[in-house]
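*Asks:* Fold the following.
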Amino acid sequence: MAARSAAYCWRMRDQLTEILGGACRDCGQTWGLEFAHKEPTECNGRGRGMWQRLKDVRDNISKYTLLCQPCHEAFD
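*Replies:* Numbers count the residues shown, from 1 in each chain. Reported below is the predicted structural model:
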């Protein structure tokens, strides 16, 4: 797989964030947002790298929502 530049990943993250509404689903916060599975899983998203995480969100966007970090911790 070709390496992706950080700038490309940040642009994709911004686009996906906008598609998902740009704010935390639970409290409305617009910064510190994380992609969260709508249905709890055992995945924590760490260890795959930014590109793989974003690719999964892009390819399965209906399975994700946006949560700020405190709401994401409470959700999980």
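*Asks:* what about the helices in this protein?
*Replies:* Assigned by DSSP state H, the chain shows helices spanning 6-19, 50-59, 69-75.
*Asks:* Need those helices in JSON lines (columns: mean neighbour count).
*Replies:* In short, each C-beta sits where N, CA and C put it, glycine included. Shown next, in JSON lines, are these (neighbours: other Cβ atoms under 10 Å):
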{"stretch": "helix 6-19", "mean neighbour count": "13"}
{"stretch": "helix 50-59", "mean neighbour count": "16"}
{"stretch": "helix 69-75", "mean neighbour count": "15"}
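*Asks:* and of those, who's closest to residue 38?
*Replies:* helix 69-75 (9.6 Å; Cβ to Cβ).
*Asks:* Keeping just the C-alphas, turn the closest one into CSV.
*Replies:* Extracted in CSV, the C-alpha atoms of helix 69-75 (Å, rounded to 0.1, in the frame of the first residue of the first chain):
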residue,chain,number,x,y,z
GLN,A,69,-13.1,12.2,23.7
PRO,A,70,-15.1,12.4,27.1
CYS,A,71,-18.3,11.2,25.4
HIS,A,72,-16.4,8.5,23.6
GLU,A,73,-14.9,7.2,26.8
ALA,A,74,-18.4,7.2,28.4
PHE,A,75,-19.9,5.4,25.4
